[in-house]
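> give me a 3D structure for the following:
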Amino acid sequence: MLRQIDIEAKLQSNHSTSDETREASSVKMPKHVEISSKVPLPTYSKQRSMGSESTYSKQRSRESESIMSPGRTEAAMLKEQDEERQLLRRRRETLTDADLKSIPRMVHRNMPFGQSKNDIAVTRAVTSVSPRLSGLLRHDWYHVILGWPTALSLLGLLVIWTLVIIIFALIYRHVDKPLNNCGLGAKGESIGFSTAFAFSLETCTTVGYGLPNGTNGFFEPECGMLQFWIYLQMVSSMMFNGFLFAFMFARLARCESRAVQVLFSEKAIIEIQDGKWYMHVRVYDMDSQQPVVEAHIRMYCVSWRDYLDQTRNEVQPHLLHHMRILVPNDDLGSMMFTSIPANVTHHIDAYSPLAPLHLRKNVNVTYLGGVELREVDDMTGNRSDIPCPVCGETFGVVDHLERHINYMQVTEESDNLPITGTHRDPNIVKPKLTKLIELKETDIREHLLDKEIMCVVEAIEPMVSGTFQALQSYKLEDMVFGGRFAPCMSQKDGQIYVDVNKFHKIIPMSDRSVHYYNNGRGNSG
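Presented below is the predicted three-dimensional model:
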C-alpha cells in the first residue's frame, strides 16, 4: 500500500515537472520521453554505485548493446535526424521535372467517361526477342493467336485454310495420272489445276457436288492412293473446323469487354479525418441487374524514383508496391458488391507507399522484409509490433508504449534503480519510440510527383463464367485534396436509381470542413 501511494505521488510530481519542462523547451518531444531525460539521479552511496550499479548496468548493456548506439545528447540526435532527412530527400531527387513529365502511364485513359481499355502499357524491348524466347512462345501458340486482333486472326485463319486447299489440289494433280481412270481428269488426261482446286474445295467442305467428268472411278480398287489423300483431307478439315469453332467461341466469349461497364471515378480524393490521411476511389458496375461474381479490388503504387533508387543501391528492384485497402477490408479479401456505387479507401499510414520514406523512417514501426502491413491492425489488436527497447514487451499502438515507459520510469525511480539500461536511459528511450508519423499535404504532393496509383477490379462474369479485370490509374493531376463524392443514388416510387451523371461529381468542402481540414493538415500546401 505504501509503495502504491509513493508511485502515485511520483506520477503527479513527474506530470507537473513535465509541464514545466515542455514550456521551457523549444523541441517538441513526447511527454514521457522528456520525463526520462529530466529525472534526477537517485541518491545512493559510492559503494552501492560501484557494486549494484556496475553489475546491473553490465547485464543491461549486453541486452541493449546490439540495439542502441552509444549515448548522444538530444541536440546531436535531432541534428542527425535532420541530416538524415535531408540526405533522403537529396537521394530521392533522381528525376528532373522534365523526367517526371515524360513518365508514361501504366494504364492509359483511352475510353469515354474517363475510363481505360484495360490494357497495360508494357511491351517487350525489340532487343529482348531472341530465338530462345520465340521457342518459348511456340509452346503457347493458341493464346498468342487468341490475343491477336479479331480481323488479323480471322484473316490468318482464312489464309491457312486456303493454303490447305491449294496443297491438296496439287497432290490430286500429282496422284491423278493419265494411265489411271479415277474420274478426276478426262480420259487419258491429267486433271487441271482449276479442276483439282474445285475438287479439293468440294472435299474440304463436304458439299458433294459430284466427281469431275461424271465418273465414279476413284471408288475402284486401283485408285487406293487417291482414296488415301481424300481421307487425309477430310480428317484435317474436320480438325480445322473444330479448331475454328473453338477459336471463334473463345473470341466472342472473351470477358475483357465486360470490364468496360465497371466504372471508376475520374478523380481520386485525398482527405484528412481525425488527423489521419485517406485516399478514396469510387467504383460502380453499370450492369446492376446482372451482378458480377466474387468482385474484389487491389491497388498498387507505381514509383519510378523508388525503382531508380533501388537500382542504384543494388537492392532488389520493385516497380509495383502493394497498397493495403481499408474499405473494403483486404483481410476479408477486399470483396465488393459492384451493383451499388461504393468507395474504396486506402489509409495513408506509416506503412503506406504514399507516405514519404524519410517520414516513415522517423517513427517506431516495424518493416518485415517488404511485408505489407497496416496501422489499423495494430489499433484493433490483430498485431503487436511496437517493442519496448528496454524490456522487449510489445504493444499495438504507440500510446500504450508511452504509458508503459511512463509507469516503468516511476517504478524504477521508486526502487532506486540506476538510470543506465532502464526505461529512464535517454540513450535507449528516444523520441522516435513514441513519435507518430506527421504527414502534410505538401509532403504527399511532393511524394506523388512520380507515382501512379493503379486500381484493379477482378470479377467473374455470370453468363459465361469468365474472369475479367477492370483497370484504372491515378496520377497527381487526377487527385483532389479535400472534398467528397456527390450522392448519386436515389429512390422514388419503390424504384432505386443511380444517376451516372453525378458519378464523377465531387462536392467541395464546406467552410467548417475547410477549417478542420486546414488545422488537421498543419496549414501546409
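> elements contacting the top helix by length along the chain?
Across the chain, the longest stretch assigned as helix under DSSP state H is helix 224-252. Packed against helix 224-252 by the contact rule (3 or more C-beta pairs under 8 Å, 6 or more residues apart in numbering; DSSP states H and E) you find helix 141-146, helix 150-175, helix 193-205. All C-beta atoms are positioned from the backbone trio N, CA, C, and that covers glycine.
> average pLDDT for that helix?
Averaged across helix 224-252, pLDDT comes to 88.
> low pLDDT regions in the stretch 201-350 of the chain?
208-220 (pLDDT under 70).
> hang on, the earlier thing: residue 131 is nearest to which of the helices and strands packed on helix 224-252?
For those, proximity to residue 131 was assessed by C-beta to C-beta; helix 141-146 is nearest, at 15.5 Å.
> just checking, what packs against the closest one?
helix 150-175, helix 224-252.
> give the buried residues for the longest one.
Residues of helix 224-252 classed as buried by neighbour count (16 or more other C-beta atoms under 10 Å): 225-226, 229-230, 233, 237, 247.
> is residue 291 in a helix, a strand, or coil?
Look at residue 291: counting by DSSP: H, G, I helix; E, B strand; the rest coil, its state is coil.
> go on, the one 4 residues further on?
Three-state call for residue 295 (three-state DSSP): strand.
> so what's the nearest residue to it once chain neighbours are set aside bridging to?
Once flanking residues are discounted, residue 295 sits nearest to residue 459: 3.8 Å by C-beta to C-beta, 6 or more residues apart in numbering. Using DSSP bridges, the bridge partners assigned to residue 459 are residue 468.
> burial measure for residue 459, as a count.
Residues near residue 459, counting by other C-beta atoms under 10 Å, number 24.
> so how far is residue 338 from it?
7 Å (C-beta to C-beta, to the nearest Å).
> what touches both of those two?
The overlap between the contact sets of residue 459 and residue 338 (C-beta atoms under 8 Å, 6 or more residues apart in numbering) consists of 262, 292, 295.
> hmm, residue 458 and the first one touching each other?
No: the pair formed by residue 262 and residue 458 falls short of the contact definition of C-beta atoms under 8 Å, at 10.0 Å.
> hey, what's in contact with both of the two?
The contact lists of residue 262 and residue 458 share residue 470, where a contact means C-beta under 8 Å, 6+ apart.
> the two: who's more crowded?
Taking other C-beta under 10 Å, residue 262 and residue 458 do not tie; residue 262 has more neighbours (25 against 19).
> excluding chain neighbours, what is closest to the more buried one?
If the residues on either side of it in the chain are set aside, residue 262 comes closest to residue 470, at 3.7 Å by C-beta to C-beta, 6+ apart.
> wait, a strand at the one you found?
Yes: according to three-state DSSP, residue 470 belongs to a strand.
> neighbours around it, how many?
Neighbourhood size, residue 470 [other C-beta under 10 Å]: 26.
> got a list of what it touches?
118, 259-260, 262, 264, 456-459.
> pLDDT below threshold where in this protein?
1-95, 126-130, 178-181, 183, 185-188, 208-220, 364-370, 510-525.
> if we go to 50?
For the chain, the stretches with pLDDT under 50 are 1-72, 87, 90-92, 523-525.
> so which bits of stretch 430-443 are buried?
For stretch 430-443, a neighbour-count test (16+ other C-beta under 10 Å) marks 430-431, 433-437, 439-441, 443 as buried.
> out of those residues, give me the two with the largest separation.
With C-beta to C-beta as the measure, no two of the buried residues of stretch 430-443 lie farther apart than 430 and 441, at 27.9 Å.
> coming back round to it: want to try JSON lines for the helices and strands packed on helix 141-146, with distance to residue 489 as columns?
Formatted as JSON lines, the helices and strands packed on helix 141-146 follow (distance: least, C-beta to C-beta, whole Å):
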{"stretch": "helix 150-175", "distance to residue 489": "37"}
{"stretch": "helix 224-252", "distance to residue 489": "34"}
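> rewinding a little: strands - which of the contacts of residue 470 land there?
Those of the contacts of residue 470 mapping onto strands are 262, 264, 456-459, per DSSP state E.
> out of those residues, who's nearest residue 303?
Proximity of these to residue 303 (C-beta to C-beta) peaks at residue 456, which lies at 16.8 Å.
> what's the neighbour count on the closest one?
16.
> quick check: closest non-adjacent residue to it.
Distances taken as C-beta to C-beta, 6+ apart place residue 298 nearest to residue 456, at 4.7 Å, with adjacent residues excluded.
> may I have the secondary structure class of the one you found?
Under three-state DSSP, residue 298 falls in the strand class.
> just residue 383 next, same as before
Three-state call for residue 383 (three-state DSSP): coil.
> assign a three-state SS to the closest residue to it other than its chain neighbours, would you?
In this structure, residue 383 finds its nearest non-sequential neighbour in residue 377, 4.7 Å apart by C-beta to C-beta, 6+ apart. The local conformation at residue 377, judged by three-state DSSP, is helix.
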